[in-house]
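Trainee: build me a model:
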Amino acid sequence: MRIAIFTVTQRGKALALTLQKHFPHSQVHVLPKFYEGEEGVLPIEGDLKTTVGGLFPSRDYLIFIMATGIVVRTIAPYLQHKSQDPGVLVMDEGGEYVISLLSGHIGGANEMTLKVADKLGATPVITTASDVQGLMAVDTLAHKLKCKINDWQLTKKITAHIVNGGRVRIYGGIPASIKLPTNYEAIEKFTELIDGDYGIYIGNDPIDKNHNNILQLYPQNIVLGIGCRKDIEADTVIEAIKGALEEASIALESVKKIVTVDVKAQEKGLIEASKILGLPLEIIDRQKILEVEKDFEISSFVKNTIGVGSVSQPCAYLGCNRGRLLLEKKITNGVTVSIAEEER
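Mentor: Predicted structure coming up:
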């Protein structure tokens, strides 16, 4: 977890350092006059708002030990959407209360608030209606399942339905570790979703858009292994990816990352395509591919060119922790795509 802790008083710093012991990889930010060169502590250069703005997009959680009003004014310019914003927590410098201020569900702030309160013996303050009622909001469910939400309007409607006493049917892979509250009903057939007021489908294959009362949650467990010719265009890569996903009946929203071989690490078209699609690009060393390439189809031309005989298949396989190949490979205009699924 990438955690930044901000404080503007000496007493707040003492609490921040105590909190840091429970979250060792966190970074504490203090006013320069309170900075004494401690490891894991940085002085706030310039004003607080600028420092927070620089960290806001790249941190999972921001924890402020100061007045709530200061925090609201500080983060206001950087707010985007609940699907993007980090979890924001506020604490008083006496350590009595921990407030979940922003991104309580999908950003994990509510859960983090409970953790921090437990570590410090503080009182957690959570105000989201579903949590107050002991229910589970849709975005909380998605967060627990590590799923992506695409339709936020429908998400809000379903959560409102739950808060007002409604029940929602769910179909799809729900791990045994997830205990569903009473406001959800797991069913055995997709068709049973259609009859209810609202339904939730958990799966990688796209559903009919005419089912406008059914929300799809996309598991983030699909990995694309890609090989391509030199100087490939980004549009060509994207076209090949979309074609492969369509052939395998898999939604783009379920793709976790793109994986390729080290010799393609600087391939501009591949890098640009990953940025356009909003997907991380992971690089696999050829030595690792050599260890498993015997299990895949070998090309003597590729072997003589880059030292390994297969790229897309072993990249997909290794990138998903040796999961299951759903599409061995599809070649389109110089781009080879393999699709693998991580075990959930």
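
Trainee: which SS state does K148 fall under?
Mentor: Of the three states, K148 takes strand under DSSP: H, G, I helix; E, B strand; the rest coil.

Trainee: how about it: what's its closest non-neighbour residue?
Mentor: Distance criterion C-beta to C-beta, 6 or more residues apart in numbering; nearest residue to K148, sequence neighbours excluded, is Y218 at 4.4 Å. Backbone N, C-alpha and C define where each C-beta goes, glycine included.

Trainee: hmm, that neighbour is touching D205, no?
Mentor: No: judged on C-beta atoms under 8 Å, Y218 makes no contact with D205 at a distance of 10.0 Å.

Trainee: the two: who's more crowded?
Mentor: Y218 (26 against 12; other C-beta atoms under 10 Å).

Trainee: surely the more buried one is in a strand?
Mentor: Yes: assessed by three-state DSSP, Y218 belongs to a strand.

Trainee: strands of the stretch 1-150 of the chain, residue ranges please.
Mentor: Applying DSSP state E, counting those that start in this stretch to the stretch 1-150 of the chain gives strands spanning 3-7, 27-30, 41-43, 61-65, 87-91, 97-102, 123-125, 147-149.

Trainee: got the domain ranges for the chain?
Mentor: Segmentation of the chain into domains, based on automatic domain parsing, reads 3-127, 138-219, 222-341.

Trainee: need these in a markdown table with mean pLDDT, can you?
Mentor: Formatted as a markdown table, the domains of the chain follow (pLDDT from 0 to 100):
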| stretch | mean pLDDT |
| --- | --- |
| domain 3-127 | 96 |
| domain 138-219 | 90 |
| domain 222-341 | 96 |
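
Trainee: count residues in the vicinity of the residue lying closest to Q10 once chain neighbours are set aside, would you?
Mentor: In space, and not counting its chain neighbours, Q10 is closest to F34: 5.6 Å by C-beta to C-beta, 6+ apart. Residues within reach of F34, counting by other C-beta under 10 Å, total 19.

Trainee: what about F34, distance to V116?
Mentor: 21 Å (C-beta to C-beta, to the nearest Å).

Trainee: any idea where the helices of the stretch 151-300 of the chain begin and end?
Mentor: Secondary structure of the stretch 151-300 of the chain (DSSP state H, counting those that start in this stretch): helices at 152-163, 191-195, 234-248, 268-277, 286-292, 300-306.

Trainee: can I get these in a markdown table including mean neighbour count and distance to K257?
Mentor: Output for the helices of the stretch 151-300 of the chain, formatted as a markdown table (neighbours: other C-beta atoms under 10 Å; distance: least, C-beta to C-beta, whole Å):
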| stretch | mean neighbour count | distance to K257 |
| --- | --- | --- |
| helix 152-163 | 18 | 23 |
| helix 191-195 | 14 | 29 |
| helix 234-248 | 18 | 12 |
| helix 268-277 | 18 | 8 |
| helix 286-292 | 15 | 16 |
| helix 300-306 | 12 | 21 |
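
Trainee: with distance to L42 added, can I get these in a markdown table?
Mentor: Compiled in a markdown table, the helices of the stretch 151-300 of the chain are given as follows (distance: least, C-beta to C-beta, whole Å):
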| stretch | distance to L42 |
| --- | --- |
| helix 152-163 | 35 |
| helix 191-195 | 50 |
| helix 234-248 | 37 |
| helix 268-277 | 29 |
| helix 286-292 | 36 |
| helix 300-306 | 43 |
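
Trainee: nearest to R2, of those?
Mentor: Closest to R2 of those is helix 268-277 (C-beta to C-beta; 20.4 Å).

Trainee: which among the strands of the stretch 1-150 of the chain is found nearest to T155?
Mentor: Nearest to T155 among those is strand 147-149; the distance by C-beta to C-beta comes to 5.5 Å.

Trainee: run me through the strand neighbours of the closest one, direction for each.
Mentor: Strand 147-149 has the following sheet partners, assigned by DSSP bridges: strand 214-219 (antiparallel).
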